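[1] Predicted structure and sequence below. I'll ask about it afterward.
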Amino acid sequence: MRRIATAAVILVAVLAVAGFAFAESQPPDPTLGGSPAAPAAGKARGILKGVVHGDLLVRNSDGTTRTVVLDRGKVSSISEGSLTVARPDGQSVSFALTGSTTFTGTPRDQLQAGMPVMVISAGGTAERVLSKGAARARACGADGSAAARRPKLCRRLGQGTN
């Protein structure tokens, strides 16, 4: 009985390694333009890694569902009432901003062109704007004074001297 269990474990391990090796050896999806695009909002992790645009059916707290739109890219412009995001696939998307739009990460008044964001919207109105830029931008200092301590990060954010 012990031999059978050991053989089963070895077989499962071999199949898992073979499956992973096969998946890694496959060429990129040709519908994506031949090369996989890097996520615009930094190194995304988890289930949304690599997502540029998507229509999502989400459940409300009362059990009903509704459709929201997810767009990831870099801010190309922001004003009092609108936000425009340039996606990695070349599309530019504009959203209306209201008093109920929630900004997570970088506050609205600190959001600048070129910053990576992920926008959750419904009906063309941004409901949530997520970013990681606030903490990273503070790491370089408003005047770039920390660029000497973290030159690569500050250059990537466009805040370094080199």
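    Right, received. Where do you want to start?
[2] Mind picking out the helix or strand in this structure with the poorest mean pLDDT?
    Least confident element among the helices and strands of the chain, by mean pLDDT, DSSP states H and E: helix 133-140 (a mean of 54).
[3] Wasn't residue 55 part of a strand?
    Yes: the secondary structure assignment for residue 55 places it in a strand, going by DSSP: H, G, I helix; E, B strand; the rest coil.
[4] what bridges to it?
    Beta-bridge pairing of residue 55 under DSSP bridges involves residue 69.
[5] What's the local residue count around it?
    With neighbours defined by other CB atoms under 10 Å, the count for residue 55 comes to 8. The C-beta positions use only the backbone N, C-alpha and C, and glycine is treated the same way.
[6] Look up the closest residue to residue 53, ignoring the ones flanking it.
    For residue 53, ignoring the flanking residues on the chain, the nearest one in space by CB to CB, 6 or more residues apart in numbering is residue 71 at 5.3 Å.
[7] List the residues that contact that neighbour.
    Residues in contact with residue 71, defined by CB atoms under 8 Å, 6 or more residues apart in numbering, are 52, 53, 85, 87, 93, 118, 119, 121.
[8] Then residue 74?
    Contacts of residue 74 by CB under 8 Å, 6+ apart are 40, 85, 86, 113, 114, 115, 116, 117.
[9] one more time with 10 Å, if that's ok
    When contacts are counted by CB atoms under 10 Å, 6 or more residues apart in numbering, residue 74 is found next to 40, 41, 85, 86, 87, 88, 113, 114, 115, 116, 117, 131.
[10] Quick check: the gap between the last one and residue 86.
    Right, residue 131. 14 Å (CB to CB, to the nearest Å).
[11] Which stretches in this protein count as helices?
    If DSSP state H is used as the criterion, the helices of the chain fall at 2-25, 133-140, 151-156.
[12] which stretch in the ones you listed is the model least sure about?
    Among these, helix 133-140 carries the lowest mean pLDDT, a mean of 54.
[13] shaky segments in this protein?
    Along the chain, segments meeting pLDDT under 70 span 5, 7-9, 11-46, 133-162.
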